[in-house]
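Colleague: One predicted model, sequence on top.
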Amino acid sequence: MGTRKETVVPLRFVQLLADEQRWRLLQELARSDRKVSELTHLLDRPQNLVSYHLANLREAGIVSARRSAADGRDTYYRVELQRVASLLAEVGPALQPGLRIDIAPLVSRGTRAGRRRPSVLFLCTGNSARSQMAEALLEKHAGGAIRARSAGSHPKPLHPHAIRVMAQRGIDISGRTSKHLDRFRHTRFDRVITLCDRVREICPELPGGPAVVAHWSMPDPAADDGDGGASYAAFKRTADELDSRIPFLIGELLHAERSTSHGHR
């Protein structure tokens with residue numbers, strides 16, 4: 001679902017953020033991909049107003065949209081955090097050249113002994129590609145600071161393209177096996193992230209409840225048929241999108257953990 005993108009100068013970016021409704025939309029979308037019906041409920045605003053502001057944000061390239069794989073009549077919206085970070089980094093120097101700030105997600109390369117590690121569970125349908133890749137990439141980027149797991153509602157064997165695309169990123173997942181989400185019904189996670197529109201609708205309530213349940217609407221790369229089967233390019237696109245999201249997830253989780261640790265002192 002493409003849309004015309006405007007050239008966003010720093011002043012225009014600040015104006016976009018200054019509107020209270022757009023700011024609240026971005027806050028909600030930074031937590032989870034959402035449908036318009038969900039956003040109207042969360043903001044308690046009429047659909048036409050929410051759609052108007054979403055269109056503004058899409059034109060600026062700050063928000064993108066994708067048709068639901070579960071129901072093609074629905075559309076999921078997501079905030080493009082890398083785009084937001086880039087625009088934020090331009091605001092300071094536009095005001096004064098000395099106001100250069102490195103806007104980047106907080107990524108740890110290790111964890112100190114004794115510090116509790118936040119935990120994340122990625123869910124999709126088959127646990128054969130998206131969730132396995134997300135688990136592996138989170139483990140790599142977090143450097144041991146976050147515990148990652150993955151599972152599926154209808155597990156099937158690991159897809160060879162998923163193994164290949166991870167190998168090209170220096171990660172070996174060839175020895176991993178697919179798991180049913182029932183395995184983690186009695187495990188508490190700080191974050192449960194559904195990567196499949198279909199599995200989002202059947203995501204179980206885990207005992208103890210996760211701190212946050214979020215959704216990343218990502219198409220199944222195995223469903224992107226090419227000559228002779230699934231397209232390898234689709235798996236690469238999936239890995240690229242996960243790579244664009246995961247560093248911000250790490251930053252959010254580590255910030256929350258450090259804030260909690262400081263509050264207990």
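Modeller: That came through, no problem. Numbering: from 1, shown residues only.
Colleague: switch to C-alpha atoms for all contacts and neighbour counts from now on
Modeller: OK.
Colleague: Go through stretch 52-62 and flag the buried ones.
Modeller: 53, 54, 55, 56, 57, 58, 59, 60, 61, 62 (16 or more other CA atoms under 10 Å).
Colleague: contacts for it?
Modeller: 3-8, 16, 21-22, 25, 63-64, 79-81, 83-84 (CA atoms under 8 Å, 6 or more residues apart in numbering).
Colleague: What subset of those is buried?
Modeller: Using 16+ other CA under 10 Å, the buried ones in the contacts of stretch 52-62 are 16, 21, 22, 25, 63, 64, 79, 80, 81, 84.
Colleague: can you list the residues you listed in CSV and add pLDDT, secondary structure and distance to residue 123?
Modeller: Putting the buried ones among the contacts of stretch 52-62 into CSV (pLDDT from 0 to 100; DSSP: H, G, I helix; E, B strand; the rest coil; distance: CA to CA, whole Å) gives the following:
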residue, pLDDT, secondary structure, distance to residue 123
16, 94, helix, 33
21, 96, helix, 31
22, 97, helix, 29
25, 97, helix, 25
63, 97, strand, 23
64, 97, strand, 22
79, 97, strand, 20
80, 96, coil, 21
81, 94, helix, 22
84, 93, helix, 26
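Colleague: what would those residues look like in a markdown table with distance to residue 219?
Modeller: Shown next, in a markdown table, are these (distance: CA to CA, whole Å):
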| residue | distance to residue 219 |
| --- | --- |
| 16 | 29 |
| 21 | 29 |
| 22 | 26 |
| 25 | 23 |
| 63 | 17 |
| 64 | 14 |
| 79 | 17 |
| 80 | 17 |
| 81 | 19 |
| 84 | 23 |
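Colleague: between the residues you listed, which is closest to residue 144?
Modeller: residue 81 (23.3 Å; CA to CA).
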